[in-house]
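> Show me how the following folds:
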Amino acid sequence: MARLRNIPGSRDRISESGFCINEPEQYKGRWKEVFGNNRPIHVEIGMGKGRFIMEQAKRNPDINYIGIEMYSSVLVRAIEKAEEREAEGQDVSNFRFIRMNAEELGNVFEKGELCRIYLNFSDPWPKDRHAKRRLTSDRFLELYYGLMDDGTVIEFKTDNKELFDYSVGTAKESKWKLMAYTYDLYSEPDMLDGNVATEYEEKFTAKGNRICKMILEK
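Numbers count the residues shown, from 1 in each chain. As a prediction, the model looks like this:
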């Protein structure tokens, strides 16, 4: 997927934004201090411009959301959208952003601290030698497992069939329970219920691409 990478001053913009947590490691096990409450924490890894996570936060004010994005120039777009919502008078208190790589999750969250993880249209890393970088690889599934309690959930969506085949395979071989999966989300009313479409999802469905989704439970 093409991503913006070179917006001048993006790092400074992030460090100055109240929506971004610049030293997230210091809040490991203490995220209730950031939000001022002890509500469940849901994380989106690779949030892009933030539409999905901000819409989830709007629909579910009793849940705290954290969006993780590694590309500064993309994260700046999410900050702009968050500021627009704030200017419109929307409640923006239950979501925050972090610029980091998913490999650092264990440095930022304590065991059992996360209740749900969203993986939306992740980079497929199509070459075999890069398979371990896929966010549904066995090493990442093991990482998530250690950060979540029994009954918690991972939701994964993609339009890339090869990545989805791989992900279903790694899920079946993992400690996770594969609760449900489909190669055509929009033909499955039960799985589509409450769905929030990302920017990529809207583009892909408009082109006629089928969206795949799987749900894992610990």
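> Could you pull out the buried residues of the longest helix belonging to the chain?
Using DSSP state H to define each element, the chain has its longest helix at helix 72-87. In terms of neighbour count (16 or more other Cβ atoms under 10 Å), helix 72-87 has its buried residues at 72-79, 82, 85. C-beta: built from backbone N, CA, C; applies to glycine.
> next one: stretch 91-111
92, 94-100, 102, 105, 108-109.
> per-residue confidence for the spatially most central residue of the chain?
Geometric centre of the chain, nearest residue: E44, 1.7 Å, by Cα atoms, centre = their mean. We have a pLDDT of 98 for E44.
> Is it located within a helix, as I assumed?
No. Under DSSP: H, G, I helix; E, B strand; the rest coil, E44 falls outside any helix and is assigned strand.
> low-scoring stretches of the chain, by residue?
Along the chain, the model assigns pLDDT under 70 to residues 1-8.
> show me where it has helices.
Using DSSP H, the helices found in the chain span residues 10-16, 32-35, 51-59, 72-87, 105-108, 138-147, 161-172, 189-192, 199-206.
> The third one vs helix 72-87, what angle?
Looking back up the chat, that one is helix 51-59. 30 degrees (axes from the mean of the first three to the mean of the last three Cα atoms, to 10 degrees).
> Enumerate every residue touching E155.
Neighbour list for E155: 116-119, 213-215 [criterion: Cβ atoms under 8 Å, 6 or more residues apart in numbering].
> go again using 10 Å as the cut-off
Listed by Cβ atoms under 10 Å, 6 or more residues apart in numbering, the contact partners of E155 are 42, 44, 116-120, 179-180, 191, 195, 213-216.
> Okay, and which of those map to strands?
42, 44, 116-120, 179-180, 213-216 (DSSP state E).
> Run a quick check on M179 versus L216, I expect a contact.
Yes. Using Cβ atoms under 10 Å, M179 is in contact with L216, at 6.5 Å.
> Compare the two (neighbour count), which wins?
Legend: neighbour count by other Cβ atoms under 10 Å for M179 and L216, higher for L216 (26 against 13).
> For burial, what's the neighbour tally of E23?
8.
> D190 now?
7.
> Can you tell me how far it is from A180?
8 Å (Cβ to Cβ, to the nearest Å).
> Just list the residues touching the residue nearest to K81 when sequence neighbours are not counted, thanks.
Closest residue to K81 apart from its sequence neighbours, by Cβ to Cβ, 6 or more residues apart in numbering: G50 at 5.5 Å. By Cβ under 10 Å, 6+ apart, G50 lies in contact with 19, 44, 57, 65, 67, 69, 74-75, 77-82, 85, 95, 97, 198-199.
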